[in-house]
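In: from the sequence below, what's the structure:
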Amino acid sequence: MKQTKETKIIDANNRVLGRVASEVAMSLMGKTKPTFERNTYSGIPVKVINASKINITPKKLAEMYHTRYSGIPGGLRVMSGTYTVEKKGLKELIKLAIYQMLPDNKLRRSMMKNLTIQD
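Out: Residues are numbered from 1 along each chain as shown. Model prediction:
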């Protein structure tokens, strides 16, 4: 018999980006459960709601940055937080923050598949 996992819903309304991202990352890793195992995916699916109402100042957006690398020499792109918000929205900024908080191993992709973000 197939087990259905319960989804944890996190409301990002008027909350700071880093606090929401760390709470989501802990749930995705499974560290909030007593059955935590480091070598297998033991987390729960997480749904973030009200992502567009997150509390972030324009000054913080301007000094925040992330990188993209195309794979060719000289292909490193450094983008500011304001650029990301105007092109892809606050959902992408939350996703990038959570992605960087997860462990850099083979389980990261399966953890990110269990994340849904809504405006």
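In: the one residue sitting closest to the centre of the chain: what secondary structure?
Out: Centrality entry for the chain: nearest residue to the mean C-alpha point is residue 98, 2.4 Å, by C-alpha atoms, centre = their mean. Residue 98 carries the three-state label helix when classified by DSSP: H, G, I helix; E, B strand; the rest coil.
In: give the contact list for the residue lying closest to residue 81 once chain neighbours are set aside.
Out: Distances taken as C-beta to C-beta, 6 or more residues apart in numbering place residue 64 nearest to residue 81, at 3.5 Å, with adjacent residues excluded. All C-beta spots, glycine's among them, are computed from the backbone N, C-alpha and C. Taking C-beta atoms under 8 Å, 6 or more residues apart in numbering, we find residue 64 in contact with 80, 81, 93.
In: ok, residue 10 next?
Out: Contacts of residue 10 by C-beta under 8 Å, 6+ apart are 20, 23, 24, 27, 46, 47, 48, 49.
In: any stretches of the protein with poor pLDDT?
Out: 1-4 (pLDDT under 70).
In: and the helices in it?
Out: Using DSSP state H, the helices of the chain run over 17-29, 58-63, 81-88, 90-101, 108-113.
In: can you list the buried residues in the second one?
Out: Okay, so that is helix 58-63. By neighbour count with 16 or more other C-beta atoms under 10 Å, helix 58-63 contains the buried residues residue 61.
In: just checking, what packs against that helix?
Out: Judged by 3 or more C-beta pairs under 8 Å, 6 or more residues apart in numbering; DSSP states H and E, helix 58-63 is in contact with helix 81-88.
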